[in-house]
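In: can you look at this prediction? I've put the sequence above it.
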Amino acid sequence: MPELPEVETTVRGLVPVLEGRRLVRVEAKRADLRRAFPPDLRQRLTGAIVTGLGRRAKYGLIDTDRGDTMIFHLGMSGRWRIDPAELGAHDHLLLETDAGCVLALNDPRRFGSVDLVRTDGLAAYPPFVAMGPEPPGEGFTADTLLAALDGRSAPIKALLLDQRIVAGLGNIYVCEALHLAKIAPGRAAGRISRDRLERLVAAIRAVLLAAIEAGGSSLRDYARPSGELGYFSKQWRVYGREGEACGCGAPIRRRNDSGRSTFFCPRCQRS
Ligand SMILES: [Zn+2]
């Protein structure tokens with residue numbers, strides 16, 4: 001499942017083929033993904049020039065010179081394919097640029113989404129309204145986190161997954177960051193000291209940036225035709241490693257927290 005680093009890597013991979021290019025063809029091969037494509041998608045995007053790309057949480061943003069922003073979410077299995085050798089059954093949306101490059105949004109499970117909003121109204125896009133700060137951004141600090149967690153008795157892990165507290169963090173990166181910061185996933189969030197939150201903020205940044213970097217280096221492999229953006233293999237500290245030894249020697253454990261697996265080291269993350 002694509003998380004923030006995959007989306008960031010995808011956006012960076014789209015920049016060289018989309019930025020400054022005019023869209024000469026916009027074609028939806030079906031009516032919907034998780035929900036319907038905007039009915040006027042083709043009309044509003046065909047002929048538009050892409051002026052910039054960006055990311056907010058796990059959403060990719062494609063701005064145009066017409067004042068519209070296309071917002072895509074990759075859901076569980078979405079990816080963009082660049083100049084695919086041939087189109088498949090799961091290539092649901094095609095964009096073609098004036099340079100002759102074809103981009104296909106491929107999504108076998110169709111949990112992804114595509115929306116089109118006015119760029120100056122992006123902040124009012126419902127998923128963005130109450131969204132917390134970007135974890136790689138400057139707005140995410142020990143102080144903002146301290147304020148957001150103040151008085152909360154819920155486990156730190158659950159609150160880090162809450163998009164209102166910090167944007168775009170998924171289960172894998174939360175497990176990894178808590179391990180790096182040596183904080184127990186079940187620790188009451190409001191009772192973690194500022195010093196430890198400082199470590200946690202640094203750990204969240206570190207795991208995300210390492211993954212973005214890993215994705216960036218795998219991007220070079222995508223220079224070939226039919227490249228697929230957004231997925232790369234990573235080495236996890238604890239995630240998916242139940243029973244293996246942590247760096248400290250203790251076996252990594254897995255626990256089920258309301259349907260999600262939590263991986264942690266019982267020795268490094270005691271409190
Ligand atoms: Zn350990």
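Out: Perfect, I can see it now.
In: use CA for all of it now, contacts and neighbours both
Out: Will do.
In: how about the residues of the stretch 151-271 of the chain near the ion?
Out: Cys246, Cys248, Cys265, Cys268 (Cα under 5 Å from the ion).
In: in PyMOL, select just the buried ones from the residues you listed.
Out: In PyMOL syntax, the buried subset of these is picked out as below (16 or more other Cα atoms under 10 Å):
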select buried, resi 246+265+268
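In: for the top helix by length along the chain, packing partners?
Out: When the chain is parsed with DSSP state H, its longest helix is helix 194-219. If you count contacts as 3 or more Cα pairs under 8 Å, 6 or more residues apart in numbering; DSSP states H and E, helix 194-219 packs onto helix 4-18, helix 142-149, helix 171-180.
In: what does the average pLDDT come to for it?
Out: Here helix 194-219 scores 89 as its mean pLDDT.
In: so what touches the strand or helix carrying Asp63?
Out: Asp63 belongs to strand 59-64 when assigned by DSSP states H and E. Strand 59-64 is touched from outside by 7-8, 11, 45, 48-55, 69-74, 119, with contacts defined as Cα atoms under 8 Å, 6 or more residues apart in numbering.
In: who's in contact with the residue of the stretch 51-200 of the chain found nearest the ion?
Out: Going by Cα to the ion, the ion is nearest to His179 of the stretch 51-200 of the chain, at 8.0 Å. With contact taken as Cα under 8 Å, 6+ apart, His179 is in contact with Arg237, Val238, Phe264, Cys265, Cys268, Gln269.
In: need those in JSON lines (columns: pLDDT).
Out: Below are these laid out as JSON lines (pLDDT from 0 to 100):
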{"residue": "Arg237", "pLDDT": "93"}
{"residue": "Val238", "pLDDT": "95"}
{"residue": "Phe264", "pLDDT": "98"}
{"residue": "Cys265", "pLDDT": "98"}
{"residue": "Cys268", "pLDDT": "98"}
{"residue": "Gln269", "pLDDT": "98"}
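In: keep only those of those residues that are in strands.
Out: Using DSSP state E, the members of the contacts of His179 that fall in strands are Phe264.
In: which one of the contacts of His179 sits closest to Gly137?
Out: Checking the contacts of His179 against Gly137 with Cα to Cα, the nearest one is Arg237 at 23.4 Å.
In: right, and that closest one touches Glu176 too?
Out: Yes - counting by Cα atoms under 8 Å, Arg237 does reach Glu176; the two are 6.2 Å apart.
In: more neighbours, these two?
Out: Comparing Arg237 with Glu176 by neighbour count (other Cα atoms under 10 Å), the higher total belongs to Glu176, at 23 against 20.
In: go ahead and confirm the more buried one touches Val238.
Out: Yes - under the criterion of Cα under 8 Å, Glu176 makes contact with Val238 at 6.3 Å.
In: residue contacts, Asp98?
Out: Arg21, Arg22, Leu23, Val24.
In: can you narrow those residues to ones near the ion?
Out: Okay, of the contacts of Asp98, nothing touches the ion (Cα under 5 Å from the ion).
In: excluding its backbone neighbours, what's nearest Gly75?
Out: Gly112 (3.8 Å; Cα to Cα, 6 or more residues apart in numbering).
In: quick check: the one you found vs Tyr125, distance?
Out: Noted for Gly112: a distance of 16 Å to Tyr125, by Cα to Cα, to the nearest Å.
In: understood, closing this out.
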